[in-house]
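> need a 3D model of the sequence below.
(one chain, ligands or ions: 2)
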Amino acid sequence: MKIIADLHVHSGFSRATSKDMNAATMAMWANKKGINLLGTGDFTHPVHFKNLQKTLKPAGNGLYTTPSEPSVFFMPTAEISSIYSQGGKVRRIHNIIMAPGLEVAEKINNTLGKRGNLSSDGRPILGTPAKDLLKIVMDISEDCLFVPAHAWTPWFSVFGSKSGFDSIEECFGEYAKYIYAIETGLSSDPEMNWRLSALDKITLLSNSDAHSPGKLGREANVFDCKMDYREIIDAIRKKDKTRFLYTLEFFPEEGKYHYDGHRLCNILFSPAESKRHNNICPVCKKPLTVGVMNRVDELADRQEGFVPPNALPCVHMAPLVEIISEAQVAGVNTVGVKREYEKLTGLYPELTILMDLPDAELFKIAGRRTAEGIIKVRAGDINIVPGYDGVYGEISIFSQKSAAAKKSDEKPSAVIRQQNLF
Ligand SMILES: [Zn+2]
Ligand SMILES: [Zn+2]
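Ligands and ions are numbered 1, 2, ... in the order given. Below is the predicted model:
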């Protein structure tokens, strides 16, 4: 069966998250989005874990469902922030743990609970190095999947420019063989990762990292296999193109750390501009926050555009609410935009509208400009002012001029993109 999976989300017990991020409400939103497999997020948090034990029913396939949405399955997942020093540098790495059941998750909780305070945050901070954390998880169950999260973000990731490493081996040592996948994160996409031959054997996952239900599925993984924990994990580990079809991607320019710069100094640089300034901010004279594009360029051993033979395809898209907002020339939180979003998602799941509906049906159900907007996004025929130093990029679908008028002229904008589904 076709499975659309979003395996990295957060509960209401993580910092800056919506209180609606509980299993029942997430399942309802998953239905609206067209997602049928969700991570539970934050299984390490004692209260969230208790709620999961109460709400989730085992489905007999290593996954769980809720009574109210039996077609949406859950996989126990959590994210740990490891902060430690190695090689004379402070390292801050986020990793996702996927577990084959709440019993295994509980064992992990019992072990990690001795190393730090798991109730302090849905995404707890431990002083345990990433490599030791991986060993702990594998000792409990080798059926778990351990995945470096948003692998390129500057501050909290395995390849991050500020506190990461230059390779998976440098981070995980002899345990690197247990790393089958990394999460590309919102600010990078598979095409960027294809530039590193070191990642050819690694499966690239895409998840929303959502902090509120409306953001679920903004990135996701599409499988064609049995709805079964082992089957899905096996498809990821083997990078099996017959079962793992493609990933759904944010345009990476929209991510918060695509380009370089300083938010407070209002400096947004492309990697080439940063190089001309020796990575120093011309306003405050301090080092720039080097974004994902630059960091990929630093570690890459291939030119842009290279496609490895075993690469999984990917499709870029933009959230429906942003397309409606562009079509109506109104903010994403305005009444008219929300009304149109509710109307459309009442007819079809959001991902079906964005990905699958024929043009004629789009024009039938949506306003002309919204339908045109979806078609333009599908073709990659859009303009984006790239995100930098924690600021999201801004997409403009209909007019490059009107978007440019809103922003200072120095800000570079990304070129029109091509989709990469093959
Ligand atoms: Zn994270
Ligand atoms: Zn500055």
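
> now for Ile280: which residues touch it?
Contacts for Ile280 (C-beta atoms under 8 Å, 6 or more residues apart in numbering) come out as Lys286, Pro287, Leu288. Any C-beta I mention is one placed from the backbone N, CA and C, and that applies to glycine too.

> could you do Ser119 as well?
Counting by C-beta under 8 Å, 6+ apart, the residues that Ser119 touches are His45, Pro46, Val47.

> quick check on the residue in the stretch 1-150 of the chain positioned nearest to ligand 1: phi, psi?
When distances are taken as C-beta to the ion, the stretch 1-150 of the chain reaches nearest to ligand 1 at His94, 3.6 Å away. Main-chain dihedrals, His94, degrees, to the nearest 10: phi -100, psi 140.

> just checking, it touches Glu79?
Yes. Judged on C-beta atoms under 8 Å, His94 makes contact with Glu79 at a distance of 5.7 Å.

> what about the contacts of Ser119, which are in helices?
Those of those mapping onto helices are Pro46, Val47, per DSSP state H.

> buried ones only from the contacts of Ile280, please, as a ChimeraX command.
The ChimeraX command for the buried members of those (criterion: 16 or more other C-beta atoms under 10 Å) is given here:
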select :288
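
> what is the nearest of the contacts of Ile280 to ligand 2?
Looking across the contacts of Ile280 and measuring by C-beta to the ion, the closest to ligand 2 is Lys286, at 5.5 Å.

> nearest residue to the closest one other than its sequence neighbours?
With sequence-adjacent residues excluded and distances taken as C-beta to C-beta, 6 or more residues apart in numbering, Lys286 is closest to Ile280, at 7.2 Å.

> give me the neighbour count for Glu106.
16 (other C-beta atoms under 10 Å).

> now do Glu69
The burial count for Glu69: 20, using other C-beta under 10 Å.

> how's this protein carved up into domains?
Here the domain parsing of the chain from automatic domain parsing is 2-253, 319-379.

> out of those, deepest packed?
domain 2-253 (a mean of 20; mean count of other C-beta atoms under 10 Å).

> what's the end-to-end length of that one?
28 Å (C-alpha to C-alpha, to the nearest Å).

> and for stretch 340-358?
OK, stretch 340-358 end separation, C-alpha to C-alpha: 19 Å.

> same check on stretch 212-231?
First-to-last residue span, stretch 212-231, C-alpha to C-alpha: 28 Å.

> quick one: the nearest residue to Tyr388 once chain neighbours are set aside from ligand 2, how far?
Once flanking residues are discounted, Tyr388 sits nearest to Gly261: 3.9 Å by C-beta to C-beta, 6+ apart. Gly261 sits at a distance of 8 Å from ligand 2 (criterion: C-beta to the ion, to the nearest Å).

> kindly indicate whether Gly261 is helix, strand or coil.
Gly261 falls in the strand class when you classify it by DSSP: H, G, I helix; E, B strand; the rest coil.

> what's opposite it in the beta bridge?
Note on Gly261: beta-bridge partners by DSSP bridges are Leu268, Thr289.

> where along the stretch 1-150 of the chain do the helices fall?
Remark: helices assigned in the stretch 1-150 of the chain by DSSP state H, counting those that start in this stretch are 23-33, 46-55, 102-112, 130-140.

> so which bits of this protein are right by ligand 1?
Within the chain, the positions near ligand 1 by C-beta under 5 Å from the ion are His94, Ala149.

> what's across from Tyr246 in the sheet?
Applying DSSP bridges, one finds that Tyr246 bridges with Val222.

> quick one: contacts for it?
Val222, Leu312, Pro313, Cys314, Val315, Leu421.

> same question for Phe74.
Phe74 is in contact with Ala23, Ala27, Leu37, Leu38, Gly39, Thr40, Leu52, Leu56, Leu63, Tyr64, Thr65, Thr66, counting by C-beta under 8 Å, 6+ apart.

> quick one, what contacts the nearest residue to the third one once chain neighbours are set aside?
Taking C-beta to C-beta, 6+ apart as the measure, Leu37 lies nearest to Ala5, with 3.9 Å between them; neighbours along the chain are not counted. Ala5 makes contact with Ile35, Asn36, Leu37, Leu38, Met75, Ala220, Asn221, Val222, Phe223, Ile232 under the criterion C-beta under 8 Å, 6+ apart.

> for the chain, give me the ranges with low pLDDT.
400-422 (pLDDT under 70).

> ok, the residue lying closest to Val47 once chain neighbours are set aside - contacts?
Nearest non-adjacent residue to Val47, counting by C-beta to C-beta, 6+ apart: Phe13, 6.2 Å away. The neighbourhood of Phe13, defined by C-beta under 8 Å, 6+ apart, consists of Asp42, His45, Val47, His48, Asp121, Gly122.

> ok, now which ones touch the second one?
In this case it means His45. Ser11, Phe13, Ser14, Leu118, Ser119, Asp121, Gly122, Pro124.

> let me have those in CSV, extended by distance to Lys241.
Putting the contacts of His45 into CSV (distance: C-beta to C-beta, whole Å) gives the following:
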residue, distance to Lys241
Ser11, 33
Phe13, 37
Ser14, 34
Leu118, 38
Ser119, 41
Asp121, 37
Gly122, 34
Pro124, 36
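
> of these, list those near ligand 2.
Of the residues in those, proximity to ligand 2 by C-beta under 5 Å from the ion holds for none.

> name the nearest of those relative to Ile395.
Nearest to Ile395 among those, counting by C-beta to C-beta, is Ser14 at 26.2 Å.

> excluding its backbone neighbours, what's nearest the closest one?
Gly122 (3.2 Å).

> so the one you found sits right up against His48, yeah?
Yes. Contact status for Gly122 versus His48: in contact at 6.3 Å, counting by C-beta under 8 Å.

> anything in contact with each of the two?
Common neighbours of Gly122 and His48 (C-beta under 8 Å, 6+ apart) are Ser11, Gly12, Phe13, Gly41, Asp42.

> next, give phi and psi for the residue nearest to Lys286.
Main-chain dihedrals, Ile280, degrees, to the nearest 10: phi -110, psi 140.

> now do the one 10 residues further on
Phi and psi for Val290, reported as degrees, to the nearest 10, are phi -80, psi 120.

> mind checking how far it is from ligand 1?
Taken as C-beta to the ion, the span from Val290 to ligand 1 is 18 Å.

> spatially nearest residue to that residue, not counting backbone neighbours?
Ser161 (4.0 Å).

> list the contacts of that neighbour.
Here Ser161 is in contact with Pro154, Thr289, Val290, Gly291, Asn294, Arg295, Glu298 (criterion: C-beta under 8 Å, 6+ apart).
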